[in-house]
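> here is the input, now give the coordinates:
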Amino acid sequence: MFDNTALKGLRVIDFSRVVAGPYSTMLLGDMGAEVIKIERPGVGDDSRSWGPPFLGEVSTYFLGLNRNKRSVAIDLAGEEGAEVARALVRGADVVVESFRPGVMDRLGLGYDRLRELNPGLIYCAISAFGQDGPYRERPGYDLMISALGGMMSITGTPGGEPVKIGVAMIDVATGLHAALGVVSALHHRTVTGQGQRVDVSLLSTELAVLVNAASQYLIGGSVAEPQGSAHANVVPYQAFPTSDGHVLLGSPNDKLFRVLADALGRPEWKTDPRFTTNDARITHRDVLIPLIGEITRAESAAHWVDVLSRAGAPVAPINRMDAVFKDPQVQHLNQVAEVEHPMFGTLPVVTSALRLSETPPVVGEAAPRLGQHTREVLERCAGLAPRDIDRLVEAGVVEHRPPTDDSSAPQPVVSDERLPSPWPIRAANSGAL
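Just a heads-up that it's a prediction; the model follows:
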């Protein structure tokens, strides 16, 4: 899709929707793979309607997960639509899907059927609970998995209500695992010529990312509890009050605690037996944390960020989104790029976190309009003649929408002045599902 990219020449057929699958295929697209996104005619990916805020007819949620993709709208429920999809798979390297287990088999698009057509195919199945087991038929989203898998039990404040993470981190982590699984399987295919199935679930991913909370229980027999911003195994390591808000500071080792003690004007803490080691500080957490809070409360958050940074102590402001993208280090990383959307003009997107010296990721195209590339892709990748595509469009098997034919689409509305965005979006509270 792009020159000088790591996955140039790779073709991905993306049957996934919502977050985990689209995030994984966006990562592959950033690395140069051609990603063909299969969507339902008239509706598309569920996240197209996850708003407000919207930009015209599509949510900003969708726009943030689906760059560098071609949208092809196919009705997979009928045999003719499934056959069109199979024609695309014949020339593909990778399939990614996120239906409930068994759905792709019923559509005639399961792994066993598709590998007969394409023996070298890498088939990545993303599910909530896995492909088998007692929960395989249950619908599952990030929030439900976060609850069942334990993440919500350690998120929030002690004694408070259950709290979800502010974005769909289990979905995102699942997308990362899926992309890694696909790339690993591609390497295996390069060595052996053999395709394979990659199975990744939200539940398995959550268990994998519980890290210290899991080992704390499995090895130490201790059940983790919510700590607010604090850390169960490191003290101090949390938010502290200031005269105008809060600041995050910490000492992940004893040397850094001595640096912090000097910077806070309490050098005597360096030799106080209650605080000299992390073990001791954990034991005397209820003494140390209020003492630090008394000091930090006297000055502003900016003051402590400046003082502690110059001293070499770990510290950070607790930024809102409007401050995050104005931060000098964030701006230095150059991780917000502009892409051109055929209907909405120039849009900002957060780019890939990867840095490759020879084959860097590319943010080339904005998220597509539903069915924007149906004709082009079916002709080029499935070998269909224009007259055959016309017939499929007329029969409702596929849908094609020209990228700039927006006469019937809702028009963008000027953003609420409370939003720090220059882009014409409808403002509202919006969080990850």
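
> which stretches of the stretch 101-250 of the chain form strands?
Applying DSSP state E, counting those that start in this stretch to the stretch 101-250 of the chain gives strands spanning 122-127, 196-201, 237-242, 245-250.

> which one of those strands lies nearest to S98?
For S98, the closest of the strands of the stretch 101-250 of the chain is strand 122-127, at 4.2 Å, according to C-beta to C-beta. For the C-beta atoms, the positions are set from N, CA and C on the backbone; glycine is no exception.

> re earlier: return the most buried member of the strands of the stretch 101-250 of the chain.
strand 122-127 (a mean of 26; mean count of other C-beta atoms under 10 Å).

> now find how far off-centre that one is within its chain.
A distance of 17 Å separates the centroid of the chain from that of strand 122-127, by C-alpha atoms, centre = their mean, to the nearest Å.

> again, but for stretch 65-79
Mean-position distance between stretch 65-79 and its chain equals 20 Å (C-alpha atoms, centre = their mean).

> rounded mean pLDDT for it, please.
For stretch 65-79, the mean pLDDT works out to 97.

> scan this protein for its longest helix.
Of all the segments of type helix in the chain, defined by DSSP state H, the longest one is helix 169-192.

> quick check, pLDDT for the residue nearest the centre of the chain.
The chain has V172 as the residue nearest its centroid, 3.2 Å off, counting by C-alpha atoms, centre = their mean. Per-residue confidence at V172 stands at 98 (pLDDT).

> with F344 instead?
If you check F344, the pLDDT there is 89.

> list phi and psi for it.
phi -120, psi 0 (degrees, to the nearest 10).

> got it, and T5?
For T5, the backbone dihedrals (degrees, to the nearest 10) come out as phi -120, psi 150.

> can you give me the distance of the residue lying closest to it once chain neighbours are set aside to E83?
The shortest distance from T5 to any non-neighbouring residue, by C-beta to C-beta, 6 or more residues apart in numbering, is to G32 (2.6 Å). Distance, G32 to E83, using C-beta to C-beta, to the nearest Å: 29 Å.

> between those two, which is the more surrounded one?
Taking neighbours as other C-beta atoms under 10 Å, G32 and E83 compare with G32 leading, 22 against 13.

> and what about that one, helix, strand or coil?
In three-state terms, and counting by DSSP: H, G, I helix; E, B strand; the rest coil, G32 is coil.

> what's the separation between it and E299?
Counting by C-beta to C-beta, the gap from G32 to E299 is 49 Å.

> over to Y23?
40 Å.

> and for S49?
Distance from S49 to E299, by C-beta to C-beta: 46 Å.

> got it, and R375?
Going from R375 to E299 by C-beta to C-beta gives 63 Å.

> ok, V259 next?
18 Å.

> what's the answer for W50, then?
Separation of W50 from E299 (C-beta to C-beta) stands at 41 Å.

> who's more crowded, the two?
W50 (21 against 15).

> picking up where we left off before, ok, and for the longest helix of the chain, which residues are buried?
Across helix 169-192, burial judged by 16 or more other C-beta atoms under 10 Å covers 169-179, 181-183, 185-186, 189.

> check stretch 306-321 too.
L308, A313, V315, P317.

> contacts for stretch 365-374?
36-37, 39, 41-44, 48, 58, 62-74, 339-344, 347, 349, 389, 393, 398-403 (C-beta atoms under 8 Å, 6 or more residues apart in numbering).

> and that stretch, how far from the chain's centre?
20 Å.

> could you do stretch 291-310 as well?
33 Å.

> now do that stretch: distance from first to last residue.
Chord length of stretch 291-310, first to last residue, is 22 Å (C-alpha to C-alpha, to the nearest Å).

> let me see the mean pLDDT of that stretch.
Stretch 291-310 shows a mean pLDDT of 98.

> just stretch 398-412 next, same as before
66.

> give me the element R281 is part of.
helix 278-283 (DSSP states H and E).

> that older thread, list only buried entries from the contacts of stretch 365-374.
36-37, 39, 41, 44, 48, 58, 62-74, 339, 341, 343-344, 347, 349, 389, 393, 398-401.

> counting only helices, which of those residues make the cut?
Per DSSP H, the buried ones among the contacts of stretch 365-374 map to helices at F62, L63, I389, V393.

> of those residues, which is the nearest to G159?
Taking these together and measuring to G159 by C-beta to C-beta, the closest member is F62, at 37.5 Å.

> tell me which residues touch that closest one, please.
Contacts of F62 (C-beta under 8 Å, 6+ apart): D45, S47, R48, W50, A367.

> identify the farthest-apart pair in the residues you listed.
Farthest pair in the contacts of F62, by C-beta to C-beta: W50 and A367, 12.8 Å.

> quick one, phi psi at E161?
Per-residue torsions, E161: phi -70, psi 160 (degrees, to the nearest 10).

> so how many other residues sit close to it?
Neighbour number of E161 under other C-beta under 10 Å is 8.

> any idea how far it is from S146?
14 Å.

> thinking again about what came up before, what is the nearest of the contacts of F62 to G383?
D45 (25.7 Å).

> ok, the closest one touching V18?
Yes. With contact defined as C-beta atoms under 8 Å, D45 reaches V18; the gap is 7.1 Å.

> rewinding a little: dump the contacts of F62 into CSV; add distance to L107 as well.
Shown next, in CSV, are the contacts of F62 (distance: C-beta to C-beta, whole Å):
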residue, distance to L107
D45, 17
S47, 21
R48, 21
W50, 24
A367, 25
